[in-house]
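Asker: Build me a structure from this.
(chains A and B)
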Amino acid sequence: MNSLDAYTQGIQLISPEILVIVAILLTSVWDLFFPKLKGYTPWFGILSLGGAFAILCQQFGEPQRAFNGLFTVDNLTVTFGLITCVVGIIVILMTMGYEHHFRQNRGEFYAILLTALVSVMFLAGSTDMIMLFVALETLSICCVLLSGFQKRDAKSGEASLKYLLSTAATTATLLYALSFIYGLTGATSFDVISQKLQVMSVGSGSMFKMLLIALVMSAIGFKLSVVPFHMWTPDVYEGAPTPVTAFLSIGSKAGGFVVAMRFLLDVLGTAYPDWMLILAGLAVVSMVAGNLIALAQTSFKRMLAYSSIAHVGYILIGLLAFSTEGVQSMMFYIIVYGLMNLGAFAGAIIFSNETGSDRIDDFAGLIKKRPWLAIMTSICLLNLGGLPIPPAGFLAKIFVFKAGVGIEQLSGSSLSGLPSAMLQHQALSGGIPIGWILVLVALVTSIPAIYYYTRVVIMMIVPEPSEKVANLSERSQYVGSPQEGPWLALTACTFAVMLAGTFMVSPIMEVSRQAALSISPERQREIGLKIDSTTPTKSMIETVPDYGLRQRISLR
Amino acid sequence: MEFVNVQELVSTGVAEALAFYFIAALAITLSIGVISDKNVIRAGFLLIGVFGGISGLFFLLQAQFIALAQVMIYAVGITLVVVIALMLTNPRLQNEEAEEEAIASSEPALLKFLDSIRNGFPGLVAWIAFVTVYMAIRSEHWEQSTQTIGEDNIAVIGRALTTDYSLPFEFASVLLLAALIGAIMLAKAEKVEDTDTPREGIESGSN
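Answerer: So this is what the prediction gives:
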């Protein structure tokens, strides 16, 4: 009976996800039974995501385990769940103005989009390798399908195929890494793995650890499109339907970030000195390459794609800080970046629906015909560039940079508590202030970012209307048309960005702090300190409880 | 009855080692064949042999479930489907190959040299990857389990899947649903004249 109680409790904990899954089933059969009412299909998604949002809000608090520790509901899970719900609602709103591109497959689109969203929610709570892998695979397959939804469009097909091939390759590397970790520890639960790895971390061959880190990082780097793994990003972003691009740029990236947090900070926390330099290198390269290549783009979507690579570089600074403050700034950046980016994509959808173009030159003089579209898109773009109008994007950058500056002190005194492997690294890096280098690179690369974002804004406001804009009708007739959806999305994003930069800064920071505390990098550091002071003995290895598959079965 | 015999056989160390080297050599040879054979269909059939060899290795490790899954899913299911798909879609392979050779033989010497470097590059990357992984694995101390595995390890896996790992097991059905919907979406034929415009997206209204 006890296990039954645990099961019902688990079901209660995943009730937001179950609600969304019910919506998936409804949307996938709704068109079949009620073909005349197919306009209602998106509303199931919006309603279920709203319901999930409400349930998730009540789940803040003490971390709870479900299903033998496979799924954890802590503040990090809840926060990422909330982000996913908001992203989902906005993307569905956008899609309502874009679905004529999908012809007969509208219901299917919403069903698969909801599946992708629910897999991000499961990913956020996964504290077990098997759960993590299944959720990640679901997300990947949904992304592949979503990017290929415009069947008539060759570019969409290309995007889908490119995503499929690269995701297959990275799945293989991740699975390879996971199998090594299982072989090493005999467990699939993150807690047990991190305990065992901590005990082993002293005196184990560091080359193997580097291999593990490289394999894990290539999988995470692919999801986040960090520079050496970014090859797919521009083509997929350009070819995929615009709402899907919006989802890929923040929804699937949120999934990548939560995996990065749980895996790098929690599981491989004691290996921090090992992965820190590699990740710092990746962040620097991403910031430089992303911003510089974005400068040369003429397509709006492609520009946003390259700039998203750069933004990931900024966000990674927060991860590298390996502190509560760092994770907190990272969460704030993810939330604000998501809103700004979704707003920019909603603007792009409205513009391309009316003109059929997404070339930056065609945006010229938009303010004369569509003043609100131009102003709201400008607000989102200026915030993406980090200009303080209103200061949401600006604050996000400031917080991340502040956390980044903290890295320097870290590598000095407080990090000495970490296992001895890091001493080699300190000798290797020779006390180079990595934090300062990262922040300096970030500051310098922000200059081209400001240039290419404001270029679009200036384009929309200053020059004479381009041919496409001049041909637009005097008054936009979006009321009563499906264009309401993207307009609603754009307005919501713009207001949210304005609020996030002014009145909502401290509430969002508080939520971010709660999320960061449930990962608590400080705790990892303390454990590292304890292990360093006592030499590991055989008895320590034995005291680590084994929850591995074999043992658990034999207990029955 | 088959399994029991195999297990008795492999319990004597020498026979196990011999069987391992034989199967490993077979699998490696076949896999080299897969990548060096220019004819895709022949390579596909060799691939079946490779998967068979790998499943043999799993049998030696007494992991019957994985071994059978390897045979049924990879060797039979996926590879055969791929081979059949290739047979249906790509009959002109031989001609293309001949054309490529004709182009290659008319190139100047320098280009040929550069080409050979380019062709050798994947091999180089593969060797570096192999050496890295090999050295990394050898540098680690692997604890050897002394636990004997019960004969009913398929039952153990089944029980684990439906009790401890029930959540990922159930979630896999969501994954399959999405894959199914997606496959239908991709394969479904579309009417050519679809006169939808953005204006009539929500005919029946939303509110």
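
Asker: Quick one: residues contacting the closest residue to residue A:66 other than its chain neighbours.
Answerer: Once flanking residues are discounted, residue A:66 sits nearest to residue A:10: 3.6 Å by CB to CB, 6 or more residues apart in numbering or on different chains. No exception for glycine: its C-beta is placed from N, CA and C like everyone else's. By CB atoms under 8 Å, 6 or more residues apart in numbering or on different chains, the contact list for residue A:10 reads A:66, A:67, A:71, B:167.

Asker: List the contacts of residue B:169.
Answerer: The neighbours of residue B:169, taking CB under 8 Å, 6+ apart as the test, are B:161, B:162.

Asker: Buried residues, the strand or helix carrying it. List them.
Answerer: Applying DSSP states H and E as the criterion places residue B:169 in helix B:166-187. By neighbour count on 16 or more other CB atoms under 10 Å in any protein chain shown, the buried set for helix B:166-187 is B:166, B:167, B:168, B:171, B:174, B:175, B:177, B:178, B:179, B:181, B:182, B:185.

Asker: follow-up on the earlier one: could you dump the contacts of residue A:10 into CSV and include pLDDT and distance to residue A:338?
Answerer: CSV is the format used below for the contacts of residue A:10 (pLDDT from 0 to 100; distance: CB to CB, whole Å):
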residue, pLDDT, distance to residue A:338
A:66, 82, 27
A:67, 82, 29
A:71, 89, 24
B:167, 90, 27
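
Asker: Can you flag which of these belong to strands?
Answerer: By the criterion of DSSP state E, membership of the contacts of residue A:10 in strands covers A:66, A:71.

Asker: How about the secondary structure of residue B:75?
Answerer: helix (DSSP: H, G, I helix; E, B strand; the rest coil).

Asker: And the residue nearest the centre of chain B?
Answerer: Per CA atoms, centre = their mean, the C-alpha nearest to the average position across chain B is that of residue B:74, at 6.1 Å.

Asker: Return the residues in contact with the spatially most central residue of chain A.
Answerer: Chain A has residue A:254 as the residue nearest its centroid, 1.8 Å off, counting by CA atoms, centre = their mean. Residue A:254 makes contacts with A:80, A:83, A:84, A:87, A:120, A:124, A:334, A:338, as judged by CB under 8 Å, 6+ apart.

Asker: Just put the buried residues of helix B:166-187 in a markdown table and tack on distance to chain A.
Answerer: Formatted as a markdown table, those follow (distance: CB to the nearest CB, whole Å):
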| residue | distance to chain A |
| --- | --- |
| B:166 | 7 |
| B:167 | 4 |
| B:168 | 4 |
| B:171 | 5 |
| B:174 | 6 |
| B:175 | 4 |
| B:177 | 7 |
| B:178 | 4 |
| B:179 | 6 |
| B:181 | 5 |
| B:182 | 4 |
| B:185 | 5 |
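
Asker: ok, so of those, who is nearest residue A:111?
Answerer: Of all the buried residues of helix B:166-187, residue B:181 has the smallest distance to residue A:111: 5.6 Å, by CB to CB.

Asker: Wait, that closest one touches residue A:109, no?
Answerer: No. Taking contacts as CB atoms under 8 Å, residue B:181 lies outside contact range of residue A:109: 9.5 Å.

Asker: now that we're looking at the spatially closest residue to residue A:50 that is not a sequence neighbour, which residues does it contact?
Answerer: Distances taken as CB to CB, 6+ apart put residue A:89 closest to residue A:50, at 6.8 Å, once the chain neighbours are dropped. Counting by CB under 8 Å, 6+ apart, residue A:89 touches A:45, A:46, A:49, A:50.

Asker: Please work out how many residues are found near residue B:58.
Answerer: 17 (other CB atoms under 10 Å in any protein chain shown).

Asker: One more: residue A:466?
Answerer: When neighbours are counted by other CB under 10 Å, residue A:466 registers 18.

Asker: Kindly state the pLDDT recorded for it?
Answerer: pLDDT recorded at residue A:466 is 78.

Asker: just checking, it touches residue A:360?
Answerer: No. Residue A:466 lies out of contact with residue A:360 (CB under 8 Å); the separation is 10.1 Å.

Asker: what about burial for the contacts of residue A:89, which qualify?
Answerer: Buried by 16+ other CB under 10 Å: A:45, A:46, A:49, out of the contacts of residue A:89.

Asker: so what's the residue nearest to the centre of chain B up against?
Answerer: Neighbour list for residue B:74: B:51, B:54, B:55 [criterion: CB under 8 Å, 6+ apart].

Asker: rerun at 6 Å
Answerer: For residue B:74, the contact set (CB atoms under 6 Å, 6 or more residues apart in numbering or on different chains) comprises residue B:51.

Asker: neighbours around residue A:83, how many?
Answerer: Residue A:83, neighbours per other CB under 10 Å, totals 25.

Asker: now the strands: where do they sit in chain A?
Answerer: Applying DSSP E to chain A gives strands spanning A:64-66, A:71-73.

Asker: Pick the most buried one from those strands.
Answerer: Of those, the one with the most neighbours on average (mean count of other CB atoms under 10 Å in any protein chain shown) is strand A:71-73, at a mean of 24.

Asker: Look up the pLDDT of the residue nearest to the centre of chain A for me, please.
Answerer: Predicted confidence (pLDDT) for residue A:254: 91.

Asker: now the one 10 residues further on
Answerer: The model reports residue A:264 with a pLDDT of 86.

Asker: how far away is it from chain B?
Answerer: Separation of residue A:264 from chain B (CB to the nearest CB, to the nearest Å) stands at 19 Å.

Asker: Excluding chain neighbours, what is closest to that residue?
Answerer: In this structure, residue A:264 finds its nearest non-sequential neighbour in residue A:275, 6.2 Å apart by CB to CB, 6+ apart.

Asker: That neighbour is in contact with residue A:212, isn't it?
Answerer: No. Contact between residue A:275 and residue A:212 fails when scored by CB atoms under 6 Å: they sit 9.6 Å apart.

Asker: picking that back up, widest-spaced pair of the buried residues of helix B:166-187?
Answerer: Pairwise distances across those peak at 29.3 Å for B:166 and B:185 (criterion: CB to CB).

Asker: Contact partners for the closest residue to residue A:24 other than its chain neighbours?
Answerer: Sequence neighbours aside, residue A:114 is the residue nearest to residue A:24 in space, at 4.7 Å (criterion: CB to CB, 6+ apart). Shown in contact with residue A:114 (CB under 6 Å, 6+ apart): A:20, A:23, A:24, A:45.

Asker: Model confidence score at the last one, please.
Answerer: Residue-level confidence at residue A:45 comes out at 90, pLDDT.

Asker: repeat for the second one
Answerer: With respect to pLDDT, residue A:23 has a value of 93.

Asker: looking at the contacts of residue A:254, which has the most residues close by?
Answerer: residue A:84 (31 neighbours).

Asker: which residues touch that residue?
Answerer: Contacts of residue A:84 were listed using CB under 6 Å, 6+ apart, and they are A:117, A:120, A:121.

Asker: okay, those in JSON lines with pLDDT and distance to chain B next?
Answerer: Formatted as JSON lines, those follow (pLDDT from 0 to 100; distance: CB to the nearest CB, whole Å):
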{"residue": "A:117", "pLDDT": "95", "distance to chain B": "11"}
{"residue": "A:120", "pLDDT": "94", "distance to chain B": "12"}
{"residue": "A:121", "pLDDT": "93", "distance to chain B": "11"}
